[in-house]
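**Q** My questions are about this predicted structure, shown below with the sequence.
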Amino acid sequence: MNLWRRLFEHYKIYHAYGPSRLKYVGYVGAVSTLLFYFIRFTRPGASMADDLVVRAVALVLYSGLALKERWPESWKKHYISYSYVVLVTCLPCFTVYTALLRGGGMPAISNTFIILSFLVLVTDWRNTLVMLALGTAAASAFYYVTAPVPRIPMDVIAQLPAYALILVGGNLFKFSTEQIDAERKLRATQALAGSIAHEMRNPLSQIRHNLERMQQALPQPSTTPQPQTLEVRQVDALYRHLAESEVAVSRGLQVIAMTLDEVSAKPLDSASFSFLSAADATRKAVQEYGYESDADRARVSVEVIEDFSFRGDETAYLFVLFNLIKNALYYLPLRDDGRVTITIDGHQVRVRDNGPGVAPAILSRMFEPFRSAGKAGGTGLGLSYCQRVMRSFGGEISCDSTLGEYTQFTMRLPPISAAEAQAHSGAALEKARAIFRGKRLLVVDDDAALRTTTRHKLRLLEVQVDEAANGRRALELLARQKYDLLVLDLNMPVLDGYALAERIRAGEVPVNRDVRIVAYTSEPAHLASVKTQKAGMDGFVSKPCAQLPLVQALVHAMEHPASRGASADAMLAGRQVLLADDNPYNRKAMTAYLHQAGVQVTEAAHGEAVLDLLRSRADWDAILMDVNMPGMNGLEAAQEIRRSNLASRDVPIIALTAHSDAATVAAAQAAGINAFLTKPVEADVLHEKHRQLLRAGLDRPAPAPLADTPGAGGGGSADLLDLKRLESYRRIGMLEELLSDYFPEAARLIDRLDAAAQRQDLHDGLEALHSLLGMSGEAGAAALHQLVRRIYVPMVEERRWPTVDGWLAQIRALAVRTDHALAAYGREQSRTPAI
């Protein structure tokens with residue numbers, strides 16, 4: 001039995017990857033069975049009933065093999081087993097039986113050669129021999145039992161050496177071919193791993209560099225309990241290094257995604273292309289590239305002779321330039337006067353360096369996959385990706401070089417016609433006009449000329465625009481009038497933009513606490529993004545700014561506000577989402593993001609738990625589910641949901657996955673999954689995906705938010721709580737929900753622990769302690785968390801209950817004190833507006 005299992009496992013592995021060869025065996029077998037049946041009648045003396053039953057059975061079996069896609073889902077898991085029976089029955093068994101029945105002859109010899117060749121192609125060598133043995137034995141036994149006068153066809157037996165040659169030679173040839181394929185796959189895998197590792201060194205080095213700089217910017221540590229304040233230059237340095245680190249992480253994740261797309265030849269989605277300024281996008285690439293040193297940054301310059309616009313994906317274009325800058329800088333240390341000049345002119349972007357150049361033999365093939373121009377650690381995936389990106393934009397990239405003088409890459413991009421540009425601009429302005437018509441905006445800037453030009457740019461939106469020359473004047477206007485959006489300069493006398501935004505979000509002007517705020521700043525984009533987000537703003541615009549980018553930034557702020565504070569998303573608030581992921585850290589992050597928008601989240605660790613929750617209640621608005629989970633995975637769970645009679649069978653399902661390749665997407669769509677999110681997921685992307693699905697048809701009223709859970713009286717104590725963690729929850733607006741969930745659940749876990757201790761049920765007691773440990777730490781109950789840990793760890797290691805008297809009473813008493821402290825903290829914070 002074990003031998004049979006091992007043989008069948010080899011067979012399953014043989015057919016686990018690549019296109020379905022078995023399906024095509026079914027097509028060829030069905031057609032040939034019919035064709036040769038009719039060809040036989042061209043010979044004299046042939047009878048229609050001669051082998052009609054055998055051919056009819058073979059035709060049915062082959063048809064079942066060919067029509068795999070039409071099988072019911074519940075049957076498909078048996079397809080491989082069915083195919084094994086079909087191959088044994090239709091190839092060696094029927095062929096040998098027919099040869100014995102007819103007494104051999106040339107047709108029998110030819111058929112035997114054919115079935116041997118087929119078996120070699122569609123099975124591994126072990127199963128080829130087993131199938132031959134089984135089929136031949138079954139056919140021979142049936143023939144000798146049923147034939148009146150059994151005969152041995154000697155002409156067929158005489159061909160045994162030739163049959164052996166086919167078996168041995170065919171399997172040896174197949175083995176050598178598989179070795180070549182394995183080497184190719186290994187090379188591709190090594191190139192993929194090498195490319196990701198090589199590309200990730202840059203962002204990881206940049207993060208490490210920024211962490212070192214952050215450490216330098218921090219004040220000296222001290223054990224003396226005295227207040228420490230950071231100087232302005234230290235705060236600016238921390239923001240700068242934090243912004244650069246965020247960009248490095250973002251670019252690193254993009255590198256991984258693009259490398260995987262390149263290996264799988266996944267096309268760029270042209271539907272997401274936008275109109276880009278070549279000069280702006282190129283400057284952004286040069287500014288955001290992760291240079292190893294200031295000297296490297298000084299080597300790169302941008303020269304704009306004539307700017308132009310093109311249609312493409314900004315991230316992909318930046319990645320192309322990152323590749324070209326990286327390649328150029330790799331060789332420049334060989335020259336003290338090494339320079340990289342990026343020139344924009346005539347619908348071309350030229351990246352030229354005065355490095356050692358590229359040899360002609362390499363130059364002609366350098367855009368092929370896995371071609372590297374002699375760089376240590378290079379994999380050759382970068383330049384092939386650059387070529388594919390340029391072609392997806394409708395352009396191309398080429399390279400020209402002279403050894404010892406220079407190397408120049410030229411990106412040629414198709415021009416955008418005046419009619420296209422005008423249509424694009426008109427559509428964007430019309431959309432903005434529909435959003436802003438009748439609304440009221442406030443422009444806050446100490447520069448009167450800039451206020452005038454901004455007002456002029458916004459005139460086409462049919463909005464009421466008021467002006468303020470400084471932050472203090474803006475506060476006066478905000479106290480008297482409700483505004484829909486502020487365009488806010490950051491550097492102003494009296495009260496700057498950051499201080500004004502802080503006071504608005506703190507509730508100093510209650511009627512405008514949630515007003516959209518867009519900053520007008522001359523700071524680098526990656527730095528402005530971090531600082532404005534921290535200040536509670538909804539976006540920023542770089543100075544100077546043309547009309548269309550300004551309008552688009554304001555539209556984005558209106559459609560995707562970032563500054564919700566403690567207020568929930570109007571569309572998502574109260575919605576019920578079922579979140580399934582086997583990784584508790586992923587669930588924690590997703591839950592925090594969804595709570596931030598007011599979503600009620602129920603968690604599950606695997607597909608079976610999802611089905612159990614769906615059976616227990618029916619008020620779900622969406623299911624957010626990881627694809628890869630132990631036991632029943634996300635795809636299997638989705639199939640079960642769609643096939644079931646559950647009330648929630650049509651609830652939208654969003655799949656979470658690390659890589660959405662074509663095969664995974666196709667399988668997910670077949671399983672009934674509505675949308676994909678690629679890990680790691682950003683909060684705004686997660687929220688927007690849920691909004692899209694809700695807009696698509698989920699229009700039932702959202703349930704009321706959970707009510708607050710009142711706490712018992714008593715004061716709070718700072719030594720009981722992790723105030724830093726609680727403050728972080730307050731900032732994202734989930735403190736109230738956290739506390740309302742914590743109080744009843746903590747009490748339930750302690751009661752469960754008490755019951756387990758009375759029953760001496762160690763397993764249940766450890767589970768209760770484990771849950772209480774995680775929950776107390778997450779809820780900021782620091783003292784309780786530490787006490788539970790001190791009890792839990794020895795119990796796990798020694799597998800016995802604590803020997804100290806009163807340990808459970810100690811947990812219960814500390815839990816009561818913690819409840820009082822958390823309740824007091826919650827009441828205090830409810831009187832203090834979140835910033």
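**A** Nice, I can see it.
**Q** By mean pLDDT, which helix or strand of the protein comes out lowest?
**A** Between all helices and strands in the chain, the lowest mean by mean pLDDT, DSSP states H and E belongs to helix 160-217, at a mean of 65.
**Q** Need the outlier residue of the chain, farthest from its centre.
**A** Distance from the C-alpha centroid of the chain peaks at Val149, with 69.2 Å (Cα atoms, centre = their mean).
**Q** mind checking how far that residue is from Tyr143?
**A** For Val149, the distance to Tyr143 (Cβ to Cβ, to the nearest Å) stands at 11 Å. For the C-beta atoms, the positions are set from N, CA and C on the backbone; glycine is no exception.
**Q** Where does the residue farthest from the centre of the chain sit: helix, strand or coil?
**A** Using DSSP: H, G, I helix; E, B strand; the rest coil, the structure places Val149 in coil.
**Q** confidence score at it?
**A** Note for Val149: predicted pLDDT of 78.
**Q** Next, it: phi, psi?
**A** As for Val149, its main-chain torsions (degrees, to the nearest 10) stand at phi -130, psi 90.
**Q** Could you say which helix or strand holds Leu383?
**A** Counting by DSSP states H and E, the element that carries Leu383 is helix 381-392.
**Q** Packing partners of that helix?
**A** Under the contact criterion of 3 or more Cβ pairs under 8 Å, 6 or more residues apart in numbering; DSSP states H and E, helix 381-392 touches helix 160-217, helix 232-263, helix 314-331, strand 396-402.
**Q** Between strand 396-402 and that helix, find me the angle.
**A** Inter-element angle recorded for helix 381-392 and strand 396-402: 130 degrees (by axes from the mean of the first three to the mean of the last three Cα atoms, to 10 degrees).
**Q** ranges for the strands of the stretch 351-500 of the chain?
**A** All strands of the stretch 351-500 of the chain, identified by DSSP state E, counting those that start in this stretch, fall at 396-402, 406-412, 440-444, 464-468, 485-489.
**Q** Can you tell me what sits against the first one?
**A** Strand 396-402 is contacted by residues 320, 357-358, 363, 366-367, 386-387, 390, 407-412 when judged by Cβ atoms under 8 Å, 6 or more residues apart in numbering.
**Q** burial measure for Glu502, as a count.
**A** Neighbourhood size, Glu502 [other Cβ atoms under 10 Å]: 15.
**Q** which SSE is it in?
**A** Using DSSP H and E, Glu502 sits in helix 497-505.
**Q** can you give me how far that helix is from the chain middle?
**A** Here helix 497-505 is found 35 Å from its chain centre; the criterion is Cα atoms, centre = their mean, to the nearest Å.
**Q** Can you name the element that comes right after it?
**A** Using DSSP H and E, the helix or strand that follows helix 497-505 in sequence is strand 516-521.
**Q** what's the angle from the following helix or strand past that next one to strand 516-521?
**A** Following strand 516-521 in sequence order, the next helix or strand is helix 525-534 (DSSP H and E). For helix 525-534 against strand 516-521, the angle by the same axes, to 10 degrees is 140 degrees.
**Q** What is the subsequent helix or strand relative to helix 525-534?
**A** Toward the C-terminus from helix 525-534 - assigned by DSSP H and E - lies strand 539-542.
**Q** From the contact counts, what lies against that next one?
**A** Here strand 539-542 touches strand 516-521, helix 525-534, helix 547-559, going by 3+ Cβ pairs under 8 Å, 6+ apart.
**Q** could these be laid out in a markdown table, adding distance to Thr112?
**A** As requested, the helices and strands packed on strand 539-542 are exported to a markdown table (distance: least, Cβ to Cβ, whole Å):
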| stretch | distance to Thr112 |
| --- | --- |
| strand 516-521 | 79 |
| helix 525-534 | 71 |
| helix 547-559 | 71 |
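**Q** Nearest to Asp337, out of these?
**A** helix 525-534 (29.7 Å; Cβ to Cβ).
**Q** Pull up the gap between Pro652 and Asp621, please.
**A** Relative to Asp621, Pro652 is positioned 8 Å away (Cβ to Cβ).
**Q** what's the neighbour count on Tyr291?
**A** Using other Cβ under 10 Å, Tyr291 has 18 neighbouring residues.
**Q** Just the C-alphas of the helix or strand hosting Phe275, formatted as PDB.
**A** Remark: Phe275 resides in strand 274-277, with elements defined by DSSP H and E. The C-alpha trace of strand 274-277 is given here as PDB (Å, rounded to 0.1, in the frame of the first residue of the first chain):
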ATOM      1  CA  SER A 274      -2.000  59.300 -16.800                       C
ATOM      2  CA  PHE A 275      -0.600  62.400 -18.500                       C
ATOM      3  CA  LEU A 276       2.900  63.100 -17.100                       C
ATOM      4  CA  SER A 277       5.300  66.000 -17.500                       C
END
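**Q** contacting residues around that strand?
**A** Here strand 274-277 makes contact (Cβ under 8 Å, 6+ apart) with 307-314, 317, 416, 421, 424.
**Q** again with stretch 759-774
**A** Defining contact as Cβ under 8 Å, 6+ apart, one finds that stretch 759-774 is touched by 584, 746, 749-750, 752-753, 755-757, 784-785, 788-789, 791-792, 795-796, 799-801, 811.
**Q** Please pick the buried ones from these.
**A** Those of these that meet the buried threshold are 746, 749-750, 752-753, 756-757, 784-785, 788, 791-792, 795, 801, 811, by 16 or more other Cβ atoms under 10 Å.
**Q** Now do the buried residues in the helix holding Glu502.
**A** By 16+ other Cβ under 10 Å, the buried positions in helix 497-505 come out as 497-498, 500-501, 503-505.
**Q** now do stretch 804-819
**A** Neighbour counts using 16+ other Cβ under 10 Å place 807-808, 811, 814-815, 817-819 of stretch 804-819 among the buried residues.
**Q** Could you tell me the phi and psi values at the residue nearest to the spatial centre of the chain?
**A** Most central in the chain under Cα atoms, centre = their mean is Thr678, positioned 1.4 Å from the mean C-alpha point. Backbone geometry at Thr678, expressed as degrees, to the nearest 10, gives phi -90, psi 130.
**Q** in the sheet, who's paired with it?
**A** Note on Thr678: beta-bridge partners Thr657, judged by DSSP bridges.
**Q** Could you check how far it is from Tyr143?
**A** From Thr678 to Tyr143 the distance is 60 Å (Cβ to Cβ).
**Q** With Arg6 instead?
**A** Arg6 is 31 Å from Tyr143, by Cβ to Cβ.
**Q** Those two: which is more packed in?
**A** A direct count of neighbours by other Cβ under 10 Å for Arg6 and Tyr143 places Tyr143 higher, at 17 against 11.
**Q** quick one: which helix or strand includes the more buried one?
**A** Per DSSP H and E, Tyr143 falls inside helix 125-146.
**Q** what's that helix packed up against?
**A** Other helices and strands packing on helix 125-146, by 3+ Cβ pairs under 8 Å, 6+ apart, are helix 2-14, helix 79-88, helix 94-102, helix 106-122, helix 160-217.
**Q** got a list of contacts for that helix?
**A** Here helix 125-146 makes contact (Cβ under 8 Å, 6+ apart) with 7, 10-11, 14, 84, 87-89, 91-97, 100-101, 116, 119-120, 123, 150, 167, 171, 174-175.
**Q** how about 7 Å then?
**A** Contact with helix 125-146 is made by 7, 10-11, 87-88, 91-93, 96-97, 100-101, 119-120, 123, 150, 167, 171, as judged by Cβ atoms under 7 Å, 6 or more residues apart in numbering.
**Q** okay, now Pro148: neighbour count?
**A** For Pro148, the count of nearby residues is 4 (other Cβ under 10 Å).
**Q** Can you tell me how far it is from Ala781?
**A** Using Cβ to Cβ, one gets 89 Å for the distance from Pro148 to Ala781.
**Q** got the angle between the helix holding Leu383 and strand 406-412?
**A** Per the same axes, to 10 degrees, the angle that helix 381-392 makes with strand 406-412 is 30 degrees.
**Q** Okay then, goodbye and thanks.
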